[in-house]
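**Q** got a sequence here, can you build the structure:
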Amino acid sequence: MTVANTPGRLVVVVSGVTWDGVKGSERQLAEALREHADVDVLWVDPPVSPATPDRYRGVSGSAGRQWRPVLRRASDGIQRLTPVALPGLTRPGIRSTTWPLVRAQLTWALWRLRRRPRAVLACSPHDVLGRWGSSTTDILYGTDDWVAGAELMRLDRDRVAREERKSLRRADLVLAVGPELAARWRELGPEPMLFPNGCAPDAYLADVEPAGLPQDFPAPVAGLSGQLSDRIDLALLEAVADTGIGLLLVGPRDPDWYPERVDSLLDRENVHYVGAVPFEELLPYLARFDVGLTPYVDSAFNRASFPLKTLEYLAAGKPVVSSDLPASRRLTEETGEIRVAGSPAAFAEAVVKAAKEARDPAAVAARRAVAREHSWASRAAKLAELIGLPAR
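**A** The predicted structure is shown next:
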């Protein structure tokens, strides 16, 4: 497990999501850092409790309880630490022990690897910054507005706000996914740097066979890639299905999210639900889309977001219809291939119009050009520059 000591060439990414979960911005940035900067990565999963053995599936080849941290290779140049916390790790009292335990296990992992971090990148407002010495750059990476999303994530809003303020004070560098989050943080003291989400445009250039659909499934096909949850405006999806075109849904489903309405939608003959698929298997489904959908509900959390799916659709050459999000309006200024609509009727009408123009070669090239300007490679190169690391 130990490797040669290479001081200052390690970035620790303390993630808010597990490595095995949806491949979101945190993991894609970590992988881009490893690929495009002269750096190795230590990925830190959220802590898990021995009382929830299912969280350990795949960690060490066993589905049983795990009482010690697990450190293993995730991919070339990326090590992965899964720390352990006490049962009831989010409860008052016990919660105060969780992040000291995580920091201790991170110290152990660094000792095992014989590495010293050049930077620690915190992707959630937990207590991991300001603990690693003056030679380490402490970075707070805001991929979402955690305070605005506290209720959605079933967290105490006031506690999240306190943790966020503490992390902002301890950070040497603050990265915000969009100007809405940056403006709120600026009121708290720091001067955030805008660091939008990205995509991997080259991954979508492959000539793949489109995924199969049920016989006589209608065309054209509007598609949504991502989680079916409270972030999605279900009325927009229902309006698209009402047009009679095909609606293809790819991603995990929150069983508590309007279960009866969602069941009714999925029962329609022109709706096909695939469920969750690994990122590596997403391309055939995107190839089947004629239009990509970003149907987010109007909320403070979503208004501060930068949906990854929008860039992924563009990288695949697909036109996009989005609800009225600030990030979508900004991208609309770069390309005419994003249509922003507020009401369900306007959203459905925009989808039908976009589907008629989906495969125009010039438009496909324009969409992919916009995606290339927002590559994770460029984001990783910028971050490496900020912490003083050379590109590969």
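**Q** okay, strands next: where are they in the stretch 201-350 of the chain?
**A** Secondary structure of the stretch 201-350 of the chain (DSSP state E, counting those that start in this stretch): strands at 221-225, 246-250, 271-275, 291-294, 320-322, 338-340.
**Q** can you put those strands in a markdown table and add distance to Glu281 and mean pLDDT?
**A** In short, each C-beta sits where N, CA and C put it, glycine included. Output for those, formatted as a markdown table (distance: least, Cβ to Cβ, whole Å; pLDDT from 0 to 100):
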| stretch | distance to Glu281 | mean pLDDT |
| --- | --- | --- |
| strand 221-225 | 11 | 96 |
| strand 246-250 | 10 | 97 |
| strand 271-275 | 10 | 96 |
| strand 291-294 | 17 | 96 |
| strand 320-322 | 21 | 95 |
| strand 338-340 | 26 | 92 |
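**Q** would you turn those strands into TSV with mean neighbour count?
**A** Formatted as TSV, the strands of the stretch 201-350 of the chain follow (neighbours: other Cβ atoms under 10 Å):
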stretch	mean neighbour count
strand 221-225	24
strand 246-250	24
strand 271-275	17
strand 291-294	28
strand 320-322	28
strand 338-340	21
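**Q** out of these, flag the one nearest Leu129.
**A** strand 291-294 (31.9 Å; Cβ to Cβ).
**Q** quick one: distance of that closest one to the chain centre.
**A** 17 Å (Cα atoms, centre = their mean, to the nearest Å).
**Q** just give the number of residues close to Arg72.
**A** 11 (other Cβ atoms under 10 Å).
**Q** who does it bridge with?
**A** Beta-bridge partners for Arg72, by DSSP bridges, are Arg80.
**Q** settle this for me: it is touching Gln79, isn't it.
**A** Yes: contact status for Arg72 versus Gln79: in contact at 7.2 Å, counting by Cβ atoms under 8 Å.
**Q** just to revisit the earlier point, do you know which of the strands of the stretch 201-350 of the chain lies nearest Val147?
**A** strand 291-294 (22.7 Å).
**Q** from the contact counts, what lies against the closest one?
**A** Helices and strands touching strand 291-294, by 3 or more Cβ pairs under 8 Å, 6 or more residues apart in numbering; DSSP states H and E, are strand 221-225, helix 234-242, helix 308-315, strand 320-322, helix 344-356.
**Q** let's see 7 Å
**A** Counting contacts by 3 or more Cβ pairs under 7 Å, 6 or more residues apart in numbering; DSSP states H and E, strand 291-294 is packed against strand 221-225, helix 308-315, strand 320-322, helix 344-356.
**Q** give me whichever of these is most buried.
**A** strand 320-322 (a mean of 28; mean count of other Cβ atoms under 10 Å).
**Q** now that one, how far from the centre of its chain.
**A** 18 Å.
**Q** please, where are all the helices along the stretch 101-250 of the chain?
**A** Secondary structure of the stretch 101-250 of the chain (DSSP state H, counting those that start in this stretch): helices at 157-170, 179-186, 234-242.
**Q** nearest to Val364, of the helices and strands packed on strand 291-294?
**A** helix 308-315 (9.7 Å).
**Q** now the closest one: average pLDDT?
**A** Averaged across helix 308-315, pLDDT comes to 92.
**Q** got the CA positions of it in PDB?
**A** Provided in PDB are the C-alpha atoms of helix 308-315 (Å, rounded to 0.1, in the frame of the first residue of the first chain):
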ATOM      1  CA  LEU A 308     -24.000  18.800 -15.100                       C
ATOM      2  CA  LYS A 309     -26.500  17.200 -17.400                       C
ATOM      3  CA  THR A 310     -26.800  20.400 -19.500                       C
ATOM      4  CA  LEU A 311     -23.200  20.300 -20.400                       C
ATOM      5  CA  GLU A 312     -23.300  16.600 -21.000                       C
ATOM      6  CA  TYR A 313     -26.200  17.000 -23.400                       C
ATOM      7  CA  LEU A 314     -24.300  19.700 -25.300                       C
ATOM      8  CA  ALA A 315     -21.100  17.500 -25.400                       C
END
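**Q** now do that helix and strand 246-250, the angle between them.
**A** Helix 308-315 runs at 120 degrees relative to strand 246-250, counting by axes from the mean of the first three to the mean of the last three Cα atoms, to 10 degrees.
**Q** other SSEs contacting helix 308-315?
**A** Contact partners of helix 308-315 among helices and strands, from 3+ Cβ pairs under 7 Å, 6+ apart: strand 291-294, strand 320-322, helix 361-373.
**Q** got these as TSV, with distance to Met193 columns?
**A** Converted to TSV, the helices and strands packed on helix 308-315 look like this (distance: least, Cβ to Cβ, whole Å):
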stretch	distance to Met193
strand 291-294	25
strand 320-322	25
helix 361-373	18
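**Q** out of these, which is closest to Ala391?
**A** helix 361-373 (17.1 Å).
**Q** buried residues, that closest one. List them.
**A** 363-364, 366-368, 370-371 (16 or more other Cβ atoms under 10 Å).
**Q** next one: stretch 201-212
**A** Judged by neighbour count using 16+ other Cβ under 10 Å, the buried positions of stretch 201-212 are 201, 204, 211.
**Q** tell me the contacts of the last one?
**A** Pointing back at Ala211 there. Each residue near Ala211 by Cβ atoms under 7 Å, 6 or more residues apart in numbering is listed here: 284-285, 288.
**Q** I'd guessed Val340 sits against Arg330; true?
**A** No: the criterion here is Cβ atoms under 7 Å, and Val340 misses it with Arg330 at 10.4 Å.
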